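**Student:** This is a predicted model, with the sequence first.
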Amino acid sequence: MIDAIITYKERLIIALLETLDMVLVSSLISIIFGISLGLLLFLFRKNSIYQNKLLYSVISVISNIIRSIPFILFIIVLIPFNRLIIGTGFGVNASKIPLSLIGIASLSRLAEQTFIKLDNNLYETSYTMGSSKKNYIKYFLLNEARGQLVLNITTTIISIIAYSTVVGTIGGGGLGYLAINEGFSNFQYNLMWVIIIIMIIIVSVIQTGGNLIARKIDKR
């Protein structure tokens with residue numbers, strides 16, 4: 001494996017930076033919109049404070065459709081959309097679109113389930129203390145869920161990392177592309193193992209960091 005690292009050093013660095021770029025951008029977008037949609041799903045669901053069957057159904061159906069399509073097919077289906085948005089259907093930047101969408105859909109469901117599992121008396125407690133609905137969301141709901149939300153975000157980022165290797169099958173760039181086109185196709189299995197080890201290290205660091213942050217901010 002040392003020989004593979006020396007031979008492919010520059011390409012490994014470029015591929016790693018491409019993967020980090022895809023994961024970082026897609027994760028940030030997923031966090032912003034995924035948590036927001038998860039909160040809306042919780043607030044719009046039956047018997048919630050902003051119950052709205054129509055809006056809940058729309059968000060829920062779209063989320064389910066995105067998560068139901070096999071990711072490799074989802075990437076292919078989005079190629080025309082990628083061209084429309086950024087002018088190209090392939091490459092690192094084009095890969096950020098499907099990665100972001102699957103991240104948003106996955107995180108929104110995880111966040112919704114986190115909010116559902118909170119104490120049912122949380123709203124009554126905030127109401128008794130004179131809090132408005134907005135303050136209930138800000139100071140009670142989100143505050144109580146923050147530890148688990150960090151774990152949800154961690155899980156989503158790790159999933160995006162895994163998905164980022166899949167986009168390599170259609171020229172998406174990154175470590176997945178290098179592993180498939182140089183490692184697998186050219187029988188450079190040592191290179192594949194180097195990339196696998198790099199991915200394991202990245203995932204381990206993110207999981208450990210997520211666990212530590214969640215444990216630190218969880219004040220329940």
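**Tutor:** Perfect, I can see it now.
**Student:** Which secondary structure element comes immediately after the particular helix or strand that has residue 95 in it toward the C-terminus?
**Tutor:** Secondary structure assigned from DSSP states H and E places residue 95 in helix 92-116. For helix 92-116, the following helix or strand on the C-terminal side (DSSP H and E) is helix 122-128.
**Student:** which strands and helices sit next to that next one?
**Tutor:** Helices and strands touching helix 122-128, as assessed by 3 or more CB pairs under 8 Å, 6 or more residues apart in numbering; DSSP states H and E, are absent. Using the backbone N, CA and C atoms, a C-beta is placed for each residue, glycine as well.
**Student:** Not counting that helix itself, show me its contacts.
**Tutor:** In this structure, residues lying in contact with helix 122-128 by CB atoms under 8 Å, 6 or more residues apart in numbering are 49, 119, 135, 136, 139, 140, 141, 144.
**Student:** Just give me the neighbour total for the fifth one.
**Tutor:** In other words, residue 139. Counted with other CB atoms under 10 Å, the neighbours of residue 139 add up to 14.
**Student:** Tell me the spacing between it and residue 128.
**Tutor:** From residue 139 over to residue 128 the distance is 14 Å, taken as CB to CB, to the nearest Å.
**Student:** any common contacting residues for the two?
**Tutor:** When contacts are counted by CB under 8 Å, 6+ apart, residue 139 and residue 128 are jointly contacted by no residue.
**Student:** Would you map the helices across this structure?
**Tutor:** Remark: helices of the chain, listed N- to C-terminal, are 2-7, 9-44, 53-68, 71-77, 79-86, 92-116, 122-128, 133-135, 142-166, 174-178, 189-217; assignment by DSSP state H.
**Student:** residues in contact with the closest residue to residue 214 other than its chain neighbours?
**Tutor:** Across the structure, with CB to CB, 6 or more residues apart in numbering as the measure, the residue nearest residue 214 apart from its sequence neighbours is residue 150 (4.1 Å). For residue 150, the residues meeting the contact criterion (CB under 8 Å, 6+ apart) are 210, 213, 214, 217.
**Student:** Can you tell me which of these are buried?
**Tutor:** Burial by neighbour count, 16 or more other CB atoms under 10 Å: within the contacts of residue 150 this picks out 210, 213, 214.
**Student:** wait, isn't the last one in contact with residue 152?
**Tutor:** No - in this structure residue 214 lies outside contact range of residue 152 using CB atoms under 8 Å: 9.3 Å.
**Student:** picking up where we left off before, relative to helix 53-68, how tilted is the helix holding residue 95?
**Tutor:** Helix 92-116 runs at 130 degrees relative to helix 53-68, counting by axes from the mean of the first three to the mean of the last three CA atoms, to 10 degrees.
**Student:** starting at the chain centroid, how far to helix 92-116?
**Tutor:** When C-alpha coordinates are averaged (CA atoms, centre = their mean, to the nearest Å), helix 92-116 and its chain have centres 5 Å apart.
**Student:** pLDDT value on residue 162, please?
**Tutor:** The per-residue pLDDT reported for residue 162 equals 91.
**Student:** gap between it and residue 50?
**Tutor:** 34 Å.
**Student:** got it, and residue 73?
**Tutor:** The separation that residue 73 has from residue 50, given CB to CB, amounts to 35 Å.
**Student:** Please say which of those two ends up with more neighbours.
**Tutor:** A count of neighbours by other CB under 10 Å puts residue 50 above the other of residue 73 and residue 50, at 13 against 9.
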